[in-house]
Every structure is written in structure tokens, then in C-alpha cells.
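In: build me a model:
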Amino acid sequence: MLSSYLLSLREGLEAALIIGIVLGTLRKIQRPNLTSVVWYGVCSAIAVSLISALLLTIYGLSLEGETEAIFEGITMLLATGILTWMIFWMSRQAQAMKINLEDGVHQATEGSGKRTLFGLAFIAVLREGIELALFLTAAVFTSGVQQAATGTLLGLGTAILLGWSLFTTSIHLDLSRFFQVTGFLLILFAAGLIAHSIHEFNEIGWIPVIIEHVWDINTIVNENSPLGEMLKALFGYNSNPSLSELAAYLIYYVVLFLGIRRKETFFGYLRKKDEPAVEIKVNRP
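Out: A predicted model of the protein is given here:
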């Protein structure tokens, strides 16, 4: 449940920030008559995202045997890749997100603006919604439908509350630190997903196990116990992993570490050469 809560909270808050920036810009340029267009775009994106999540989950749960293992494995790999990309993207683009959105709103309102503004709100929220749909489909396979649904509702509820607080009250949230902390926790979740996907491919023989059980600590923390189930849902815990599972888990962290080092070096060079550090403050509507 915690993994789906974190996923929903992060994606929901990103969507809330996008909506708040767009609405705030409309108020700043004195075009409140277009507010309803933004909400039409937001509601349409939410509807498409919900339908996508339901279809993916229902289809995945309807499968059996080898087909089910293939679907789960591929879904988890896709979720891992998109989740990792999202963390990198947000760490870089968060600074420019407000400026880009405001520019888009200004361009959309130069004419009648309704169709373009609808598309801006729709695409911005749909991206978050489709990502969340894929992540939650993967979370269902590790924690079950009930826990994933409960975590999702709680996460989205918290995101709505935080988003409302940011734009209507004097409450201040350190968004940079928030995304750092949730990003770290979601990296652990992503590593667990990739290990779980390898486990599914082990079962159907697509990837060799090499060594079936590197260790077996079921007597210490059984993966079917309440603690084991929680660790499995959060971090992909397996009390008796194969060597290929363990290797994939460790390789993910190595690749991620090298990617972070390269990203910091590259963007640090660009910042020193071309641009100063930018501090983004969200104006309340």
C-alpha cells in the first residue's frame, strides 16, 4: 500500500502543481473566463487515465500461466524504466516547469485560446495519469488490488490537500526536498520491480536462474509473513532470490549511480557555462 501511496502522492502533486500554475497564469493575465476550459481538459485527462488503469489491471488479472508471467514481467520492466526516467526528468525540469507552462498559457490565449489551452491542460495531466496507471498496474501484481487501490486513494487525497494548501494558504512546502525524498523511496521500489520482473522471466525460462537460490532466509523473514509481504510490495523483497534476480537488482543500482554521476557532471558543466542556478517560486492565483 505504501508504494502505491507514494506513487499517487508524487504524480498527484505534480498534476496539482501544473493545474495551479495554469490557473494562476490565467488570473494574472486577467483571463478567468478560460478557467472552465482548463478544468474540462483536466477532467478529460483524468477520465482517460482511469480507463487506462482499469483496462490494464483487468487485462493483467485475467491472464493465467505463462501469459500472465510475461505480461507482469514486461509491465514491471516498463514501469521501472518510466519511473527512473521520471525521477531524472523531474530533478532537471522542475526548475523550468513553471516558466514553460506560463509561456504555453500566454501563447494559448493570444487568439481565442480555448482549444490550445484545453490541449495544454489535457496533455500535461494525461502524462502524469498514464504514468500512474502503468505504475499502479505493476503495484497490483506485488501488493494486490485492495492495497493498491487504498494506497492510491490516500495518495491522491493527500496530493489534492497539499496542492490546495500550496495555492490558497500560506503553507510552504520545500518541493525540491519533497521530490528528493520521494524519488529516493521510488528508486528502491523500482529496483524491486526489476528484480520481480526477472523472477517472472525465470519462471517461464526466458532468463536463466544461474543459481536457483543464492540464499534462503525464510526462517528469519518469511516473504509470506506480514513483514515479508510489506517488504515485497515496497522493495521487491525475496527471501530466496536467484542469482539472476540478485544480479539485476544490483546492476540497476550501479547503472543508476553512474547515470546520476554523469548527469551531475553534464548539467553542472552546462550551468557553469551557460546559465545561473534558478530558484522557482510558485505564485498563488
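In: any weak-confidence spans in the stretch 1-150 of the chain?
Out: Low-confidence segments of the stretch 1-150 of the chain, defined by pLDDT under 70: 90-98, 110-113.
In: ranges for the helices of it?
Out: Using DSSP state H, counting those that start in this stretch, the helices of the stretch 1-150 of the chain run over residues 2-28, 35-62, 65-108, 114-143, 145-168.
In: out of those helices, which is closest to residue 202?
Out: Within the helices of the stretch 1-150 of the chain, the stretch nearest residue 202 is helix 65-108; the backing value is 9.2 Å (CB to CB). To be clear about C-beta, it is placed using only N, CA and C from the backbone, and glycine gets the same treatment.
In: what is that closest one packed up against?
Out: helix 2-28, helix 35-62, helix 114-143, helix 175-204, helix 243-274 (3 or more CB pairs under 8 Å, 6 or more residues apart in numbering; DSSP states H and E).
In: out of the ones you listed, which comes closest to residue 108?
Out: That would be, of these and by CB to CB, helix 114-143, which comes in at 3.9 Å.
In: tell me the angle of that closest one relative to helix 145-168?
Out: 140 degrees (axes from the mean of the first three to the mean of the last three CA atoms, to 10 degrees).
In: buried residues in helix 114-143, which are they?
Out: Going by neighbour count (16 or more other CB atoms under 10 Å), the buried part of helix 114-143 is 114, 116-118, 120-122, 124-143.
In: which elements pack onto it?
Out: helix 2-28, helix 35-62, helix 65-108, helix 145-168, helix 175-204, helix 226-235.
In: which residues touch the last one?
Out: Helix 226-235 is contacted from outside by 1-3, 139, 142-143, 147, 188-189, 191-192, 221-223, 237-239, using CB atoms under 8 Å, 6 or more residues apart in numbering.
In: one more time with 6 Å, if that's ok
Out: Helix 226-235 has contacts (CB atoms under 6 Å, 6 or more residues apart in numbering) with 2-3, 142-143, 188, 192, 221-223, 237.
In: now, which of the residues you listed sits nearest residue 256?
Out: In terms of CB to CB, no member of those lies closer to residue 256 than residue 188, at 10.8 Å.
In: list the contacts for the closest one?
Out: Contacts of residue 188 by CB under 6 Å, 6+ apart are residue 235.
In: quick one: closest of the helices and strands packed on helix 65-108 to residue 164.
Out: Ranking those by distance to residue 164, with CB to CB as the measure, places helix 2-28 first at 7.8 Å.
In: what is the orientation angle of the closest one with helix 114-143?
Out: Per the same axes, to 10 degrees, the angle that helix 2-28 makes with helix 114-143 is 170 degrees.
In: and the angle for helix 2-28 with helix 35-62?
Out: Counting by the same axes, to 10 degrees, helix 2-28 points 160 degrees away from the direction of helix 35-62.
In: can you put the helices and strands packed on helix 65-108 in CSV and add distance to residue 232?
Out: Output for these, formatted as CSV (distance: least, CB to CB, whole Å):
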stretch, distance to residue 232
helix 2-28, 10
helix 35-62, 18
helix 114-143, 6
helix 175-204, 8
helix 243-274, 13
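In: which of these sits closest to residue 214?
Out: helix 243-274 (5.4 Å).
In: any idea of the mean pLDDT in the closest one?
Out: Here helix 243-274 scores 74 as its mean pLDDT.
In: for the remainder of this discussion, apply numbering that starts at 57.
Out: Sure, I'll start counting at 57 from here, so that last one is helix 299-330.
In: got the contact list for residue 274?
Out: Residue 274 neighbours (CB under 6 Å, 6+ apart): residue 295.
In: element containing it?
Out: For residue 274, there is no host helix or strand (DSSP states H and E).
In: phi, psi of it?
Out: phi -60, psi -30 (degrees, to the nearest 10).
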